[in-house]
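Sequence plus the predicted model coming up.
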Amino acid sequence: MARNGLHTESWKRASAEAAVAEVADGMLVGLGTGTTAAFAIAALARRLGEGLRCRGVATSLRTADSARAARIPLLTLEEVAEVDLCIDGVDEIDAEFRAIKGAGGAMLREKIVASAARRMIAIADASKAVARLGARPVPVEALPSARAYVERQLARLDCTPILRRNDAGAPVTTDQGNLIFDCHFAALDDPAGTATRLSFIPGMLGHGLFLSEIDALYLGTADGVVRTERNIA
């Protein structure tokens, strides 16, 4: 791995470990999906080994497998109406704590857990902090039976929707068995308006714009972890 890659991994790990320090005894913790969230799972497992008592709820089947392997007690998403703390990575995040998520394909479950959380912490390396959202595509989850319709409606939103495929060329499906379109917008000048328009498309089940869910950011940088809190004034 290149030197920059090594730095990025260490920054991810540092941000995850700093966030996991917020977990208190007895909490139910939302466990995110992705490479940065994997560091949080490892850090939480270490704290459990030191005597912490908590349970988790996973945002994907992959995360659930990792949590069980780390001996983190889990509740299923079906059982959970409220979460004390959610810790998850982001693909992009701006100064207003608006984020794009879903590179790992779990944006719908991630949004359910984030919305159920009393507090959500985003964890990331410095490359994910942006002045303006939109360099990365916005993933959306769609019913397979609505594929053509959803694709047409997405294209009307001034974006290029690309069906996510695996290396063999087959469509990638979510844990729910749905399709993923990665939406490349010409400009994401109005994230809130875009989120509303996406939500009005029948057959579109969820999108990766997280505009109000995140309460705090732990950002790993060359100078250490920088913690910022959402300004609620």
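Sure, I can see it.

what domains does the record give for this structure?
The record's domain parsing of the chain by automatic domain parsing lists 3-126+211-221, 138-207.

just how off-centre is stretch 211-224 within its chain?
Distance, stretch centre to chain centre, for stretch 211-224: 13 Å (Cα atoms, centre = their mean, to the nearest Å).

what do you get for stretch 87-107?
5 Å.

buried residues in that stretch?
Neighbour-count burial for stretch 87-107, with 16 or more other Cβ atoms under 10 Å as criterion, is recorded at 87-94, 97-107. Just so you know, the C-beta spots here come from the backbone N, C-alpha and C atoms, and that holds for glycine as well.

hang on, the earlier thing: point out the most buried one among the domains of the chain.
Counting by mean count of other Cβ atoms under 10 Å, domain 3-126+211-221 has the highest mean neighbour count of the domains of the chain, with a mean of 20.

how far out from the middle of the chain is that domain?
Its chain's C-alpha centre and that of domain 3-126+211-221 lie 8 Å apart, by Cα atoms, centre = their mean.

Kindly report the same for stretch 118-131.
Between the centre of stretch 118-131 and the centre of its chain there are 10 Å (Cα atoms, centre = their mean).

So for that stretch, mean pLDDT?
For stretch 118-131, mean pLDDT rounds to 97.

In CSV, list the C-alpha atoms belonging to the longest helix anywhere in the chain.
Ranked by residue count under DSSP state H, the longest helix found in the chain is helix 3-20. Extracted C-alpha coordinates of helix 3-20, given in CSV (Å, rounded to 0.1, in the frame of the first residue of the first chain):
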residue,chain,number,x,y,z
ARG,A,3,2.3,5.8,1.9
ASN,A,4,-0.8,8.0,1.5
GLY,A,5,-2.9,4.8,1.8
LEU,A,6,-1.1,3.9,5.0
HIS,A,7,-1.8,7.4,6.4
THR,A,8,-5.4,7.2,5.4
GLU,A,9,-5.9,3.8,7.2
SER,A,10,-4.3,5.2,10.3
TRP,A,11,-6.5,8.2,10.2
LYS,A,12,-9.6,6.1,9.8
ARG,A,13,-8.6,3.9,12.8
ALA,A,14,-7.9,6.9,15.0
SER,A,15,-11.2,8.5,14.2
ALA,A,16,-13.1,5.3,14.9
GLU,A,17,-11.3,4.7,18.2
ALA,A,18,-12.0,8.3,19.3
ALA,A,19,-15.7,7.9,18.6
VAL,A,20,-16.0,4.5,20.3
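
can you give me the offset of stretch 209-229 from its chain's centre?
With Cα atoms, centre = their mean, you get 13 Å for stretch 209-229.
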